[in-house]
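[1] here is my input, please return the structure:
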Amino acid sequence: MRTSPLKRGFIAVLLSVFTLAACGGDGNDQTGTGGAGAGSAEAEEAIEQAVRDSFEAENARDVRAFAALWTNEGLEQYDVGSREDLEAGRSPDFGREQVTIIGFVETEADGTEGSTTVDVISGASDIAKPVFRVRFAAIERDGTWLLNGFEFVGSPPAAEGTEILEIGAIDYAFVLDRKEVPGEVAFRFSNTGQEAHEITLFKGPDGTDIGIAKADLENLDGRELDNVPDGYRVDHVAFADARSSTEITFAEALPAGDYFLVCYIPQGGFTEAGEPVNPEGTPPCSWE
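    As a prediction, this is how the structure comes out:
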């Protein structure tokens with residue numbers, strides 16, 4: 001799947017870390033249900049199958065099979081490169097993150113146009129499985145349904161009764177409304193700062209002191225996360241532009257333990273080319 005807004009190019013600049021404790025609980029996988037929109041059931045099934053086939057081809061890094069399912073306009077929105085880029089091998093991130101479909105939420109077809117909304121897990125999740133809701137536009141050409149557009153539409157609503165952890169981001173710290181939550185939890189991430197912020201969620205060894213965590217985590221490569229210290233598990237879970245908010249639901253309960261919230265976006269953010277605006281900038285850290 002194309003790189004989601006929360007997975008832009010991170011570099012190792014630590015902003016702040018806080019801890020929370022999650023009480024374990026049984027996992028509760030979310031399942032979607034196919035919608036009954038306008039148009040024939042056959043057309044709706046064909047649209048959903050195109051999405052299934054697209055993810056299967058991308059997971060297998062099968063460029064030819066993937067590109068055959070998309071229009072040129074759709075590929076541009078999906079942000080994996082043009083058809084020519086894909087066929088020439090100029091899209092190195094294509095297929096980098098495996099995608100798992102949780103379920104289809106709503107599908108509709110009307111004449112030669114249609115759409116489907118689907119909940120997915122993107123990437124190899126180690127501790128948290130954030131669920132993303134995405135929408136595909138589709139168009140019928142010569143009897144075949146092709147994918148003609150794409151957009152992220154956030155995370156699905158939390159199940160009734162799920163506790164919501166309020167997490168605020170400012171320049172440069174996190175503010176939590178509490179420090180202990182049950183495993184069945186969702187996040188509401190509000191960025192009131194002037195810069196973009198993200199949540200990289202670490203589960204540390206039980207009883208890890210905040211000062212130890214600071215020393216362990218502040219020099220990591222926040223984009224690759226390939227040098228995580230022994231005993232830590234990690235997932236990217238959220239991104240929010242300045243003055244925006246997002247909610248994050250999870251496919252399973254968080255395991256019990258101590259968690260650390262980290263942001264690796266550098267002071268000043270990134271240029272449109274993905275380079276840090278201020279490569280030498282190191283924002284002040286806040287530790288609690």
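
[2] next secondary structure after the strand or helix carrying residue 49?
    Secondary structure from DSSP states H and E places residue 49 in helix 41-59. The first helix or strand that comes after helix 41-59 along the chain, using DSSP H and E, is helix 63-67.

[3] distance from the chain centre to the helix holding residue 49, please.
    Here helix 41-59 shows a centroid-to-chain-centroid distance of 21 Å under the convention Cα atoms, centre = their mean, to the nearest Å.

[4] please apply the same query to stretch 101-114.
    A distance of 21 Å separates the centroid of the chain from that of stretch 101-114, by Cα atoms, centre = their mean.

[5] ok, the residue located most distally from the centre of the chain to residue 112 distance?
    Largest separation from the mean C-alpha position in the chain: residue 142, at 34.5 Å (Cα atoms, centre = their mean). Residue 142 sits 10 Å away from residue 112, taking Cβ to Cβ, to the nearest Å as the criterion. Yep, even glycine has a C-beta here, placed from its N, CA and C like the rest.

[6] next: residue 200.
    Distance of residue 200 to residue 112, given as Cβ to Cβ: 43 Å.

[7] what is the mean pLDDT for stretch 211-218?
    The average of the pLDDT scores along stretch 211-218 is 89.

[8] pull out the buried positions in that stretch.
    For stretch 211-218, burial by neighbour count (16 or more other Cβ atoms under 10 Å) applies to 213-214, 216-218.

[9] neighbour count: residue 200 and residue 112, which is higher?
    Taking other Cβ atoms under 10 Å, residue 200 and residue 112 do not tie; residue 200 has more neighbours (23 against 12).

[10] so who does the more buried one touch?
    10, 222, 225, 234-237, 261-264 (Cβ atoms under 8 Å, 6 or more residues apart in numbering).

[11] check residue 112 too.
    By Cβ under 8 Å, 6+ apart, the contact list for residue 112 reads 139-141.

[12] now with 7 Å, please.
    Neighbour list for residue 112: 139-140 [criterion: Cβ atoms under 7 Å, 6 or more residues apart in numbering].

[13] in helices, which of the buried residues of stretch 211-218 fall?
    Counting by DSSP state H, the buried residues of stretch 211-218 place 213-214, 216-217 in helices.

[14] got the domain ranges for this protein?
    Structural domains annotated on the chain: 5-27+159-278, 41-152, as defined by automatic domain parsing.

[15] and those domains, which one averages the lowest pLDDT?
    Among the domains of the chain, domain 5-27+159-278 carries the lowest mean pLDDT, at a mean of 80.

[16] the helices in the stretch 151-288 of the chain, which residues?
    Using DSSP state H, counting those that start in this stretch, the helices of the stretch 151-288 of the chain run over residues 210-217.

[17] check the stretch 1-150 of the chain too.
    With helices called from DSSP H, counting those that start in this stretch, the stretch 1-150 of the chain shows them at 41-59, 63-67, 72-78, 83-87.

[18] show me what counts as buried in the second one.
    Translated: helix 63-67. Of all the residues in helix 63-67, those buried under the rule 16+ other Cβ under 10 Å are 63, 66-67.

[19] residue 152: which of those is nearest?
    The shortest approach to residue 152 among those belongs to residue 66, at 18.8 Å (Cβ to Cβ).

[20] contacts only, for the closest one.
    With contact set as Cβ under 7 Å, 6+ apart, residue 66 has these partners: 54, 57-58.

[21] between the ones in helices among the buried residues of stretch 211-218, which sits nearest residue 147?
    Nearest to residue 147 among those, with distances taken as Cβ to Cβ, is residue 217, at 38.8 Å.

[22] that'll do, ta.
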